[in-house]
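A.B. asks: Fold the following, please.
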Amino acid sequence: MPTKRDKFVELAEARVNRAIKDLQLIGNLSNRSAYEFTEVDIKKMFAAVQKAVDSAKARFAHDGDTRGGEFRL
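C.D. replies: Numbering: from 1, shown residues only. Model prediction:
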């Protein structure tokens, strides 16, 4: 039976790796020959990502639920 630590490591590795892959996919959107976007779009995207990272990080310091909402341009 896995320990709480084992389960944390298993889930943390999978979720962080998935988040890294998804961030790389966001980076692929920078191809101006395939996509059209504005500086405002970019700022909104990365503000939303940063807010979600800050919220997740805060949950490790506090026991509150500070989830962000869904991202929309």
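
A.B. asks: Tell me which helix or strand comes right after the longest helix anywhere in the chain.
C.D. replies: In the chain, taking DSSP state H as the definition, the longest helix is helix 4-28. Per DSSP states H and E, helix 4-28 leads on to helix 39-61 as the next helix or strand towards the C-terminus.

A.B. asks: Check which residues of that next one are buried.
C.D. replies: Under the neighbour-count criterion of 16 or more other C-beta atoms under 10 Å, helix 39-61 has 48-49 buried. C-beta coordinates here come from the backbone N, C-alpha and C atoms, glycine included.

A.B. asks: before we move on, the earlier item: please identify the buried residues of the longest helix of the chain?
C.D. replies: So, applying 16+ other C-beta under 10 Å, helix 4-28 has no buried residues.

A.B. asks: Would you quantify the distance from Ala19 to Ala12?
C.D. replies: As for Ala19, its distance to Ala12 is 10 Å (criterion: C-beta to C-beta, to the nearest Å).
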